[in-house]
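Student: pasted the sequence and its predicted model underneath.
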Amino acid sequence: MKDGKEPAKRASGLRPQSGAAAGEAAAEAGAPGASEPRWGAVVVAAGRGTRMGTAESKQFLELGGKPLLIHSLELLQGMDEVAEIVLVTGASDVERCRDWCRSYRLSKVAAVLEGGSERQHSVRLGLRGLGTEWALVHDGVRPLVTAAAVRACLRRAEQTGAAVLAVPVKDTIKQADEHGVIVATPDRSSLWAIQTPQAFRRVRLLEAHEQALASGFLGTDDAMAVERLGDPVSVVEGEYTNIKITTPEDLPYAEFLLARRERGAES
Ligand SMILES: Nc1ccn([C@@H]2O[C@H](COP(=O)(O)OP(=O)(O)OP(=O)(O)O)[C@@H](O)[C@H]2O)c(=O)n1
Ligand SMILES: C[C@](O)(CO)[C@H](O)COP(=O)(O)O
């Protein structure tokens, strides 16, 4: 992986027309949906998965018979709101990701780009590859997000400018000092566990990430970059099943949730 400060390399055209260009063409032609907001998606998959500890990066491990990453790409591919997708991955994985995009017929994937050393850098590089007014950012390791949840997040962002999926915290949360002694118990009623997608006006999010880079700020999600500019970011209640595959026990749980979903039980 290269350092995030270098410019993003645009792929040599998995899909020739950018979402913005496609939207303009549709508007000119008076096509249905021409006036709908056109979303671009950055799917980040350039992490090393150190907490998972597998030789293969977790985003490429098999889930339900296909690489884990493909699940959320297929979901976004199927959503009318999404005009184009930029996939960001590690330097040595770009070619196999391009191959998968072709074989899984992910025609909305306009580019597969090389990411940066931190999630924040990967997002910024991905945003530079999009041409849409609105941008959502999704972790490639959250394969179980549903279209209903994504849609709710996008709709709220269109109303407020910025929105993220989240679920209310179920446990009591404690803050402990360096000796492991509790120092505070924040009021759980205002605490949310934050997920992706996170949705914004693309130019504002890019500006937020560029300012974060310039000032050496490193956040663990995209909202943090926007919050520090003073912009309000809304939380949209999502689903507890939208788990991030992070540690080994997450994978069999995801298999269970996927199988249950495929049997037609609740999501
Ligand atoms: N330099 C990075 C780091 C992370 N990510 C992506 O950001 C998402 C969330 O990150 P996380 O779960 O922390 O993934 P890893 O960084 O791979 O995991 P770990 O922290 O255990 O190494 C993942 O889809 C991951 O691939 C990325 O694109 N570029
Ligand atoms: C963005 C995120 O998914 C929100 O929960 C998360 O913060 C990214 O992963 P990490 O484990 O914090 O690196």
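Tutor: Cool, got the structure. Ligands and ions are numbered 1, 2, ... in the order given.
Student: tell me how far the helix or strand harbouring residue 261 lies from the chain's centre.
Tutor: Counting by DSSP states H and E, the element that carries residue 261 is helix 250-262. With CA atoms, centre = their mean, to the nearest Å as the basis, helix 250-262 stands 20 Å off its chain's centre.
Student: near ligand 1 at all, it?
Tutor: No. For a cut-off given as CB under 6 Å from any ligand atom, helix 250-262 has no contacts with ligand 1; the smallest distance is 9.7 Å. In short, each C-beta sits where N, CA and C put it, glycine included.
Student: low pLDDT regions in this protein?
Tutor: 1-37, 265-267 (pLDDT under 70).
Student: quick one: contacts for the residue positioned nearest the centre of it?
Tutor: Centroid check for the chain by CA atoms, centre = their mean gives residue 138 as the closest residue, at 0.8 Å. Each residue near residue 138 by CB atoms under 8 Å, 6 or more residues apart in numbering is listed here: 41-44, 72, 76, 145, 196-198.
Student: do you know how far it is from residue 43?
Tutor: 5 Å (CB to CB, to the nearest Å).
Student: who touches both of these two?
Tutor: 72, 76.
Student: up against ligand 2, what does this structure have?
Tutor: 119, 139, 194-196, 220-221, 244, 246.
Student: got the residue ranges for the strands in this protein?
Tutor: 39-45, 62-63, 66-67, 82-89, 109-114, 134-139, 162-168, 175-176, 182-184, 192-201, 234-237 (DSSP state E).
Student: now render those as JSON lines, adding distance to residue 257.
Tutor: Below are the strands of the chain laid out as JSON lines (distance: least, CB to CB, whole Å):
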{"stretch": "strand 39-45", "distance to residue 257": "20"}
{"stretch": "strand 62-63", "distance to residue 257": "10"}
{"stretch": "strand 66-67", "distance to residue 257": "15"}
{"stretch": "strand 82-89", "distance to residue 257": "23"}
{"stretch": "strand 109-114", "distance to residue 257": "25"}
{"stretch": "strand 134-139", "distance to residue 257": "16"}
{"stretch": "strand 162-168", "distance to residue 257": "14"}
{"stretch": "strand 175-176", "distance to residue 257": "30"}
{"stretch": "strand 182-184", "distance to residue 257": "32"}
{"stretch": "strand 192-201", "distance to residue 257": "14"}
{"stretch": "strand 234-237", "distance to residue 257": "18"}
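Student: for residue 95, which of those strands is the nearest?
Tutor: strand 109-114 (8.4 Å; CB to CB).
Student: for the closest residue to ligand 2 within the stretch 1-150 of the chain, give the beta-bridge partners.
Tutor: Nearest residue of the stretch 1-150 of the chain to ligand 2 (CB to the nearest ligand atom) works out as residue 139 at 4.8 Å. For residue 139, the beta-bridge partners are residue 44 (DSSP bridges).
Student: give me the neighbour count for it.
Tutor: Other residues near residue 139 number 25, with proximity taken as other CB atoms under 10 Å.
Student: help me confirm that it comes into contact with residue 44.
Tutor: Yes. The criterion here is CB atoms under 8 Å, and residue 139 meets it with residue 44 at 6.1 Å.
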